[in-house]
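Trainee: Next one to model:
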Amino acid sequence: MSDIKRVPGSVVTRSQAVAYGGLVFTVATAVEKPADFYLQMKDALRAVDKQLAAAGSDKSRVLTVTIYVADVARKAEINRAWDEWVDRSHPPVRACAEVVLEGADLVELVVTAAAGHLAHG
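Mentor: All right, here's what the predicted structure looks like:
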């Protein structure tokens, strides 16, 4: 049985990433909150990169991403940032859903990736 690895978050009751059983789970929003879908998506994807690295993985190992977006009519802006970021040699499954998000958040990403060598120990 694998040990659970938790990467501490900025709030004591939440982890920024959790690795278990060969998988890494993480959630990200933009650190900066401009009123721009493209910029928030880019920032959230940078956060995903950092969180995956902290858990011993990277975007080439991403399996699934669910994108929650405040306005699905702005999906083209989300797609632009996504297409600039995604590892085209290892594209994950992706879903996008419109939801009500808290505060100034325009996007929230829920990511599952295969763990890398660091996340197993």
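
Trainee: quick one, helices of this protein?
Mentor: Using DSSP state H, the helices of the chain run over 37-54, 75-85.

Trainee: of all those, which gets the most neighbours per residue?
Mentor: helix 37-54 (a mean of 20; mean count of other C-beta atoms under 10 Å). All C-beta atoms are positioned from the backbone trio N, CA, C, and that covers glycine.

Trainee: which residues of this protein score low on pLDDT?
Mentor: Under the criterion pLDDT under 70, the flagged ranges of the chain are 1-2, 117-121.

Trainee: How much space separates A54 from V93?
Mentor: Applying C-beta to C-beta, to the nearest Å, the value for A54 to V93 is 23 Å.

Trainee: Turn the helices of the chain into CSV, columns for distance to T26.
Mentor: Converted to CSV, these look like this (distance: least, C-beta to C-beta, whole Å):
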stretch, distance to T26
helix 37-54, 4
helix 75-85, 15
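
Trainee: Could you say which one of the ones you listed comes nearest to L23?
Mentor: helix 37-54 (11.5 Å; C-beta to C-beta).

Trainee: what's that closest one in contact with?
Mentor: With C-beta atoms under 8 Å, 6 or more residues apart in numbering as the test, helix 37-54 has contacts from 7, 16-17, 24, 26, 28-34, 58-59, 61-62, 67, 69, 71, 74, 77-78, 80-82, 84-85, 105-109, 111, 113.
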